[in-house]
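> model this:
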Amino acid sequence: MGAVCTQLLRSVRPPLCREAELEEAASSGGRLWVAEGELRRLQRARLSLHRVARLCGQHFGVALLLSVLKNSVRMVLKTYFLVLFVKWNDFLEKKLFVVAYVTSVELVFAAGNLLTMCWACSSASSRAATAGRLMDLILALPPPLSAPGVLHLPVGKLAFSAAGFFDIDLHLFVAVIGTVVTYIVILAQFFV
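Purely as a prediction, here's the structure:
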């Protein structure tokens, strides 16, 4: 999506370097214009990215769902083990502290795996929203008299779905971490 946004800015005549310049030109009624063929090519690229996201949800949705569930369960179990380890710390041998460190590393990797997946999907979604906003700004620019009308294709929000159960984005990561922390607080109060 970053490449699409960069090409959108370069397709405006004269070429622009930043999104803020395009917003300023669109709001000031500047004399910028875009070649119709180039804009159609960029619209096709944007539509292709949306199609890829939809196909990922359809074909890999179950795998994404299972991956989210696996990481969530792993984080709950690892933190549960660490709560038990802290509770019975006095009765355990010092050699078992290595197990606690390994469990802590596995917990961090499970959270990192989930964060990476959610961040990638959320980043693609936000860049697609930026490309859509730029496309709308470019379409709002007054075309020169000789330029024909440009095709306007409205596209919904880009979202990666886990088999239709939920969208994978940073909100999901925050919800999973909140659920794990809540569950562990309840367990810690139960054992204290």
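
> Now do residue 167 against residue 64, distance only.
10 Å (C-beta to C-beta, to the nearest Å). C-beta coordinates here come from the backbone N, C-alpha and C atoms, glycine included.

> And residue 154, what's its pLDDT?
We have a pLDDT of 60 for residue 154.

> Now for residue 167 and residue 64: what residues contact both?
Residues touching both residue 167 and residue 64 by C-beta atoms under 8 Å, 6 or more residues apart in numbering: 160, 161.

> where does this protein have its least confident helix or strand?
Least confident helix or strand of the chain, by mean pLDDT, DSSP states H and E, is strand 33-34 with a mean of 54.

> Okay, now the unreliable bits of the protein?
1-42, 90-92, 138-155, 191-192 (pLDDT under 70).

> could you pull out the strands for this protein?
Assigned by DSSP state E, the strands in the chain fall at 12-13, 33-34.

> got the contact list for residue 158?
Residue 158 sits in contact with 49, 50, 53, 124, 125, 128, 129, where contact means C-beta under 8 Å, 6+ apart.

> pretty sure the first one is touching residue 128, no?
Yes: taking C-beta atoms under 8 Å as the contact criterion, residue 49 and residue 128 are neighbours in contact, 6.3 Å apart.

> Give me the helices and strands touching the top helix by length along the chain, please.
In the chain, with assignment by DSSP state H, the single longest helix is helix 36-87. Packed against helix 36-87, as judged by 3 or more C-beta pairs under 8 Å, 6 or more residues apart in numbering; DSSP states H and E, are the following elements: helix 2-11, helix 97-140, helix 170-191.

> again, only using 10 Å
Packing contacts for helix 36-87, counted by 3 or more C-beta pairs under 10 Å, 6 or more residues apart in numbering; DSSP states H and E, involve helix 2-11, strand 12-13, strand 33-34, helix 97-140, helix 170-191.

> Tell me which of the ones you listed approaches residue 76 most closely.
helix 170-191 (5.5 Å; C-beta to C-beta).

> How about that closest one, which residues are buried there?
172, 173, 176, 180, 184, 187, 188 (16 or more other C-beta atoms under 10 Å).
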